[in-house]
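J.: just need the structure, nothing else, for what follows:
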Amino acid sequence: MPARDPPDPLDAALRPPIDETAEEKILRLAQEAEARRVSHQIDEDIKRERTSRKKRQVVRLLLLGQSESGKSTTLRQFQRLYTPSAFRDERVLWRSVIQLNVVRSIRTILDTVSDVRVRELPVSSASEASDDESYERARLPFHLETIAMRLLPLRHIESLLVAKLVPPNEEEATHLGVYHGDDPHRRHHHEIFVRPGATWKGGMLHRTRIPGRPTSAGTTGQETHDESQEALGQCCEDMIALWNDAFVQDILRKRKMRLEESPGFFLNDLQRIASTNYCPSDEDVFRARLKTVGVCEYKFEMEAGFESGTEWRIIDVGGSRSQVATWVPFFDDVDAIIFLAPISAFDQTLVEDKSVNRLEDSVLLWKAVCSNKLLEKVELVLFMNKCDILDRKLKSGIRLSKYLRSFGDRPNDLDTAQKFFRSKFSFIHREHSPQPRKFHGYFTSVTDASTTSGILASVRDMVMREHLRKAKLLS
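T.: Numbers count the residues shown, from 1 in each chain. The predicted model follows:
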């Protein structure tokens, strides 16, 4: 006879008892029915969850504005607020960027001073004096010549930092020149730039050990030797002396060069930044300058409140004139736009075209965005940015009316200027929008986390509610 399969123990356990009474049978059947109901409910919940994930709400936010308007800094603020752990882990990677910012500020000063000493040498001196006498007249004060000599190692450090930040397969312009004479706010050189996203950060991670994070060997410990940080420490006192020197400050003032208003300015923090164990703070990361080209998309998911489970996609596109034409493809299916207008740039010109005022260019871009019919149902949020710099300029005596005749004889203070700018931008928004929509305007200094956090939270809530309303998920 063929072998019989062993009895199924589970089948035996589920079989009704032989001596089961009628009442026990009714109770058992009721319990089985309830178990089936609960199991079915669980299956339905799982199915609904899967369907919900497939239909997950995705909010798309676009960051627009000219180059150096604050788009990348705004994106970093979003990262700090909504992915704080990742943001903290990446802070150490910004140290090299800040080191390069410092080195290039020092190089700019040295090149400017050298340029001035040559250009200010009287033309007639060559005929009136010997070559030696002319040379003596062109020389820097002896103490600055000495400082300049001691700071020569920074040229090598600059090359190291550029090589660290720019991938080997990218051939980018990296040379440093001096400020253009017609515009004291601009360096007459090509900045290095990186592709957005994790590319440059990934390369840095391979070369940087973060304190407390396991290495490939499974150990934790201090960072690897940093030649750049060591050099900054050795040059610290000379850099401070150069920046604070009365002769240097006089030249910068005559050339109308305000380095402290430039992105990536850290010369007032040299003692801290040049220390051996320096790790960038949140504020340092926001103030750091690293030019990006191309499109950067940042994703995060809300974890609480009515937005729970909603995915946000924030897209930062290039702001240089050559990249403005690439904005339009991103207008499709976008929920809101944050447009950044640097209102402190009323006395500056574009890098690409020295005949164009930066503020006028921002106004024209804002008008183009407001009037675009593809965006007629999109919420537009205006950040009138860099109010901190605007305040310092006005207090220093720079007259807004000199550059904006329409400002007239109004008081030259921050409050009056802000009211003027709000009126100007809101008028354009009202007159050029294809259909009526609310004006969302904020005065910002996006490098300041304390004020920016609340503004971004308000913008997030407004954008989310409008998104849900359009999706007919909110009345």
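J.: and the strands in the stretch 151-300 of the chain, which stretches?
T.: 193-194, 291-292, 296-301 (DSSP state E, counting those that start in this stretch).
J.: same question, the stretch 301-450 of the chain
T.: Secondary structure of the stretch 301-450 of the chain (DSSP E, counting those that start in this stretch): strands at 311-316, 336-342, 379-385, 440-443.
J.: mind pulling up the pLDDT for His432?
T.: At His432, the pLDDT value in this model is 95.
J.: wait, it touches Val369, no?
T.: No: in this structure, His432 is not within contact of Val369 by Cβ atoms under 8 Å, at 9.1 Å. Every C-beta, even on glycine, is put in place using the N, C-alpha and C of the backbone.
J.: show me which of these two is the more surrounded one.
T.: Neighbours were counted for His432 and for Val369 using other Cβ atoms under 10 Å; Val369 has more, 23 against 14.
J.: contact partners for the more buried one?
T.: By Cβ atoms under 8 Å, 6 or more residues apart in numbering, Val369 lies in contact with Leu64, Ile337, Phe339, Leu375, Leu380.
J.: would you turn the residues you listed into a markdown table with neighbour count?
T.: Output for the contacts of Val369, formatted as a markdown table (neighbours: other Cβ atoms under 10 Å):
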| residue | neighbour count |
| --- | --- |
| Leu64 | 24 |
| Ile337 | 25 |
| Phe339 | 26 |
| Leu375 | 21 |
| Leu380 | 21 |
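J.: which regions of the stretch 351-475 of the chain lie under the pLDDT threshold?
T.: 472-475 (pLDDT under 70).
J.: helices of that one, residue ranges please.
T.: Secondary structure of the stretch 351-475 of the chain, counting by DSSP state H, counting those that start in this stretch: helices at 358-371, 387-395, 414-432, 449-470.
J.: export these as JSON lines, with columns for distance to Pro141.
T.: Listed next are those as JSON lines, based on distance: least, Cβ to Cβ, whole Å:
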{"stretch": "helix 358-371", "distance to Pro141": "35"}
{"stretch": "helix 387-395", "distance to Pro141": "29"}
{"stretch": "helix 414-432", "distance to Pro141": "38"}
{"stretch": "helix 449-470", "distance to Pro141": "41"}
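J.: distance of Glu237 from Ser262?
T.: For Glu237, the distance to Ser262 (Cβ to Cβ, to the nearest Å) stands at 23 Å.
J.: between those two, which has more neighbouring residues?
T.: Ser262 (20 against 14).
J.: which one of the helices of the stretch 351-475 of the chain lies nearest to Ala274?
T.: For Ala274, the closest of these is helix 449-470, at 23.5 Å, according to Cβ to Cβ.
J.: domain parsing for the chain?
T.: 60-87+290-474, 93-287 (automatic domain parsing).
J.: so for Lys164, which of the helices of the stretch 351-475 of the chain sits nearest?
T.: Checking the helices of the stretch 351-475 of the chain against Lys164 by Cβ to Cβ gives helix 449-470 as the closest, at 26.8 Å.
J.: tell me what that closest one is packed against?
T.: Secondary-structure packing of helix 449-470 (3 or more Cβ pairs under 8 Å, 6 or more residues apart in numbering; DSSP states H and E): strand 58-64, helix 71-82, helix 282-287, strand 336-342, strand 379-385, strand 440-443.
J.: just the angle between the longest one and strand 336-342, please?
T.: Inter-element angle recorded for helix 71-82 and strand 336-342: 130 degrees (by axes from the mean of the first three to the mean of the last three Cα atoms, to 10 degrees).
J.: next SSE downstream of helix 71-82?
T.: Note on helix 71-82: by DSSP states H and E, the next helix or strand toward the C-terminus is helix 84-90.
J.: off-centre distance for that following helix?
T.: Relative to the centre of its chain, helix 84-90 is centred 14 Å away, using Cα atoms, centre = their mean, to the nearest Å.
J.: show me what that helix is packed up against.
T.: Looks like helix 84-90 contacts helix 71-82 (3+ Cβ pairs under 8 Å, 6+ apart).
J.: what about the helix it packs on, distance to the chain center?
T.: With Cα atoms, centre = their mean, you get 6 Å for helix 71-82.
J.: tally of neighbours for Gln249?
T.: 13.
J.: what's the spacing between it and Leu242?
T.: 10 Å.
J.: most tightly packed of the domains of the chain?
T.: domain 60-87+290-474 (a mean of 17; mean count of other Cβ atoms under 10 Å).
J.: I'd like the helices and strands packed on helix 449-470 laid out as CSV, including distance to Pro329.
T.: CSV is the format used below for the helices and strands packed on helix 449-470 (distance: least, Cβ to Cβ, whole Å):
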stretch, distance to Pro329
strand 58-64, 11
helix 71-82, 17
helix 282-287, 29
strand 336-342, 14
strand 379-385, 18
strand 440-443, 24
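J.: of all those, which one is nearest Asp361?
T.: Minimum separation from Asp361 across the helices and strands packed on helix 449-470 (Cβ to Cβ) falls at strand 336-342, 9.5 Å.
J.: what pLDDT, on average, does the closest one get?
T.: Averaged over strand 336-342, pLDDT sits at 95.
J.: that one pairs with which strands?
T.: Sheet pairing of strand 336-342 (DSSP bridges) gives strand 58-64 (parallel), strand 379-385 (parallel).
J.: any idea how far stretch 63-81 is from the chain center?
T.: For stretch 63-81, the distance to the chain centre is 4 Å (Cα atoms, centre = their mean).
J.: ignore the last one, stretch 353-363
T.: 22 Å.
J.: how far does it stretch from start to finish?
T.: 16 Å (Cα to Cα, to the nearest Å).
J.: what lies in contact with that stretch?
T.: Under Cβ under 8 Å, 6+ apart, the answer for stretch 353-363 is 65-66, 69, 180, 182-183, 321, 341-343, 345-346, 348-350, 403-404, 424-425, 428.
J.: the same query, at a cut-off of 7 Å, please.
T.: Applying Cβ atoms under 7 Å, 6 or more residues apart in numbering, the contact partners of stretch 353-363 are 66, 182-183, 341-343, 345-346, 348-350, 403, 428.
J.: among the residues you listed, which one lies nearest to Ile42?
T.: Ala341 (53.3 Å).
J.: leaving out the residues flanking it, which one is nearest to that closest one?
T.: Ser362 (4.2 Å; Cβ to Cβ, 6 or more residues apart in numbering).
J.: now the one you found: how far from Leu382?
T.: The gap separating Ser362 from Leu382 is 10 Å, by Cβ to Cβ.
J.: find residues that contact each of the two.
T.: Residues touching both Ser362 and Leu382 (Cβ under 7 Å, 6+ apart) are Ala341.
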